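Participant: Here's my sequence, what's the structure:
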Amino acid sequence: MTSSSSPVADVPDAPDSGADGGPGAPLRRLTARGRDESHRVASPLELFFDLCFVVAVAQAGVQLVHAVAEGHAGEGVVSYAMVFFAIWWAWMNFSWFASAYDNDDVLYRVVTLVQIAGVLVLAAGVSRAFEDHDFLIIWLGYLIMRLAMATQWLRAARTAEGAERTTALRYAAGVVLCMVGWSGLVVLPESGRLWVFLVMVLVELAVPVYAERSFTTSWHPHHISERYGLFTIIVLGEAIAAATVAVKSGVRESDALAELLPIAAGGLLIVFSAWWIYFAVPIHGRLRTSGQAFLWGYGHYLIFASAAAIGAGLEVAVEQAIGEAHISTPAASAAVTLPTALYLVTVWALHSRYFKVGVAEQLVLPGAALLVLVCTFLGDWAVLAAGLVSALAVAAGVALSARTAAGEHRAQDAEAAETAEEAEATEEA
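Facilitator: Here you go, the predicted model:
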């Protein structure tokens with residue numbers, strides 16, 4: 001993960017390519033990058049990787065819409081949570097590995113493209129997982145991605161020594177063993193698959209904690225925060241695209257423009273507010289320890305899943321408004337308000353609360369989440385009301401932050417004036 005496609009050549013403090021080739025060689029040693037590297041930004045390969053992963057996110061969203069619109073919300077949400085975890089976890093594994101070891105040589109690129117192929121296979125199996133509870137294709141796609149990931153870790157272990165080598169080998173072994181566990185979704189009866197999923201989630205989350213007990217990989221805080229921010233933008237963009245297509249289809253099929261305008265306006269306000277709230281604070285400054293990083297990184301499952309679900313909820317609301325969804329108005333509204341409230345709370349918990357001063361600032365997002373839930377019961381105006389609440393939360397946050405900043409500025413001016421007066425008095429004496 002660098003500012004160019006040739007990190008070893010263009011970044012002065014990048015790791016030496018060593019015996020496996022010079023800076024321009026197609027194969028180079030896969031050694032750890034430095035946390036103090038400057039100008040670490042996402043590479044074109046990483047952006048392409050994210051874009052392809054959103055294909056799978058979009059497929060999960062489409063199937064969630066169908067399940068909720070047909071009155072199978074509970075079953076749909078469970079399937080969505082399972083599929084989305086597989087997508088998010090594979091994306092996260094790659095992102096943190098690349099932040100520490102990306103050398104952008106030919107082999108690294110090829111293995112990453114194999115991972116992309118795996119997520120496309122996974123995306124092809126999403127509909128079967130939702131409709132028939134058949135996870136075979138998803139498992140095959142996941143197998144491709146995770147074996148490629150294990151290959152990357154083994155390659156890193158080949159050039160590492162001591163505790164770093166142990167960590168890389170633990171990651172590689174953990175990835176392979178977890179894939180054996182995930183096979184339970186394919187071979188076990190349907191009644192036991194949810195338990196397999198819950199157990200394997202815990203095992204997967206434990207692998208990084210165990211692997212990094214004696215050595216912390218050299219992920220780059222600013223780069224990691226950027227990678228998560230970019231994926232948030234892409235997911236929110238997909239939500240807007242899905243909602244736009246739904247509104248367009250609704251107008252074309254039923255000419256219900258008056259019913260759809262409040263949903264469209266509310267949806268835009270929600271997504272715009274979601275973007276503003278996420279990027280209001282520079283979170284990379286807090287990503288200094290493994291404990292902070294694990295909590296922050298794992299918590300983004302809820303942020304990404306809820307952001308993607310907002311788009312699915314807007315599609316459900318559109319279908320209900322034109323009479324194509326077999327659910328009540330409050331149920332359709334809840335498809336938007338529930339993920340919106342979850343998004344607000346999780347962004348506050350992982351980001352905003354560390355930068356808020358005073359009770360009033362701390363209560364803005366939790367209070368907005370509660371009001372968004374209340375909007376569920378406002379009938380046809382629920383989505384618009386939720387959008388207005390989200391926008392008001394942004395406005396309140398900006399106003400309160402400005403007031404706090406102004407108070408701090410006045411305090412600094414008063415302190416400077418007092419210091420000047422003391423210096424003047426000392427000089428006169």
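
Participant: per-residue confidence averaged over whatever helix or strand A396 lives in?
Facilitator: Taking DSSP states H and E as the criterion, A396 maps to helix 382-428. Per-residue pLDDT values across helix 382-428 average out to 77.

Participant: The residue nearest to the spatial centre of the chain and S225, how far apart?
Facilitator: Nearest to the geometric centre of the chain sits F304, at 4.0 Å (C-alpha atoms, centre = their mean). Distance of F304 to S225, computed by C-beta to C-beta, to the nearest Å: 14 Å. (Each C-beta comes from the backbone N, C-alpha and C, glycine too.)

Participant: thinking again about what came up before, if I look at the residue nearest to the centre of the chain, how far off is P366?
Facilitator: Taking C-beta to C-beta, one finds F304 at 20 Å from P366.

Participant: Going by neighbour count, list what's buried in stretch 311-323.
Facilitator: Within stretch 311-323, the residues scored as buried using 16 or more other C-beta atoms under 10 Å are 311-322.

Participant: Need the residues that contact stretch 125-136.
Facilitator: Here stretch 125-136 makes contact (C-beta atoms under 8 Å, 6 or more residues apart in numbering) with 56, 59-60, 62-64, 66-67, 76, 79-80, 82-83, 137-141, 185-186, 190, 193.

Participant: hmm, which of those residues are the buried ones?
Facilitator: Counted by 16+ other C-beta under 10 Å, these give 56, 59-60, 62-64, 66-67, 76, 79-80, 82-83, 137-141, 185, 193 as buried.

Participant: hang on, the earlier thing: in strands only, show me the contacts of stretch 125-136.
Facilitator: Of those, none are assigned to strands by DSSP state E.

Participant: And whatever helix or strand L120 lives in, what does it pack against?
Facilitator: Element membership of L120 [criterion: DSSP H and E] is helix 106-124. Under the contact definition 3 or more C-beta pairs under 8 Å, 6 or more residues apart in numbering; DSSP states H and E, helix 106-124 sits against helix 44-69, helix 73-101, helix 136-159.

Participant: again, only this time at 6 Å
Facilitator: helix 44-69, helix 136-159 (3 or more C-beta pairs under 6 Å, 6 or more residues apart in numbering; DSSP states H and E).

Participant: buried ones in the very next helix or strand once past the last one?
Facilitator: Spelled out, it's helix 136-159. Downstream of helix 136-159, the next assigned helix or strand under DSSP H and E is helix 162-182. For helix 162-182, the neighbour count (16+ other C-beta under 10 Å) marks 164, 166-172, 174-175, 178-179, 182 as buried.

Participant: what's in contact with helix 162-182?
Facilitator: The contact list for helix 162-182 (C-beta atoms under 6 Å, 6 or more residues apart in numbering) reads 143, 146, 149-150, 153-154, 156-157, 160, 200, 203-204, 207, 211-212, 214-215.

Participant: Give me the mean pLDDT for it.
Facilitator: Mean predicted lDDT for helix 162-182 stands at 94.

Participant: number of nearby residues for the residue nearest to S79 when sequence neighbours are not counted?
Facilitator: Among residues not flanking S79 along the chain, F130 sits closest, at 4.9 Å (C-beta to C-beta, 6 or more residues apart in numbering). As a burial measure, F130 scores 24 neighbours (other C-beta atoms under 10 Å).

Participant: for T112, same thing?
Facilitator: 22.

Participant: And the one 5 residues further on, by the same measure?
Facilitator: Using other C-beta under 10 Å, A117 has 15 other residues around it.

Participant: do the same with T216
Facilitator: 16.

Participant: That one: what's it in contact with?
Facilitator: T216 neighbours (C-beta under 6 Å, 6+ apart): S290.

Participant: per-residue pLDDT, it?
Facilitator: 88.

Participant: Tell me which helix or strand it sits in.
Facilitator: Counting by DSSP H and E, T216 is part of no helix or strand.

Participant: What residues sit buried inside stretch 322-340?
Facilitator: Taking 16+ other C-beta under 10 Å as the criterion, stretch 322-340 shows 322, 325, 327, 329, 331-340 as buried.

Participant: List the contacts of that stretch.
Facilitator: 68-71, 250, 254, 256, 270, 306, 309-310, 313-314, 316-317, 319-320, 372-373, 375-376, 379, 382-383, 386.

Participant: In PyMOL, select just the buried ones from the residues you listed.
Facilitator: Provided next is the PyMOL selection string for whichever of these are buried by 16+ other C-beta under 10 Å:
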select buried, resi 68+69+250+270+306+309+310+313+314+316+317+319+320+372+373+375+376+382+383+386
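
Participant: Show me how far stretch 226-241 is from its chain's centre.
Facilitator: 8 Å (C-alpha atoms, centre = their mean, to the nearest Å).

Participant: TSV please, covering the helices and strands packed on helix 106-124 and showing mean pLDDT.
Facilitator: Converted to TSV, the helices and strands packed on helix 106-124 look like this (pLDDT from 0 to 100):
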stretch	mean pLDDT
helix 44-69	90
helix 136-159	94
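
Participant: Save those helices as JSON lines, and put in distance to I283 too.
Facilitator: Below are these laid out as JSON lines (distance: least, C-beta to C-beta, whole Å):
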{"stretch": "helix 44-69", "distance to I283": "18"}
{"stretch": "helix 136-159", "distance to I283": "25"}
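
Participant: what number of residues lie near T346?
Facilitator: T346: 21 neighbours (other C-beta under 10 Å).

Participant: Could I get the contacting residues of it?
Facilitator: Per C-beta under 6 Å, 6+ apart, neighbours of T346: 302-303.

Participant: Please report how far it lies from A368.
Facilitator: 13 Å.

Participant: same check, this time on A293
Facilitator: Relative to A368, and taking C-beta to C-beta, A293 is found at 27 Å.

Participant: ok, the two, which is more surrounded?
Facilitator: Shown here are A293 and A368; by other C-beta under 10 Å, A368 has more neighbours (26 against 20).

Participant: ChimeraX command to pick out the buried ones of the contacts of helix 162-182?
Facilitator: This is the ChimeraX syntax for the buried subset of the contacts of helix 162-182, where burial follows 16+ other C-beta under 10 Å:
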select :143,146,149,150,153,154,156,157,160,200,204,207,211,212,215
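
Participant: Could you list the buried residues of stretch 219-233?
Facilitator: 219-232.

Participant: Looking at those residues, which are in strands?
Facilitator: Among the buried residues of stretch 219-233, no member falls in strands (DSSP E).

Participant: now do the same end-to-end measure for stretch 61-80.
Facilitator: One end of stretch 61-80 sits 8 Å from the other (C-alpha to C-alpha, to the nearest Å).

Participant: just checking, what packs against the helix or strand harbouring G367?
Facilitator: Secondary structure from DSSP H and E places G367 in helix 358-374. With contacts taken as 3+ C-beta pairs under 6 Å, 6+ apart, helix 358-374 sits against helix 329-350, helix 382-428.
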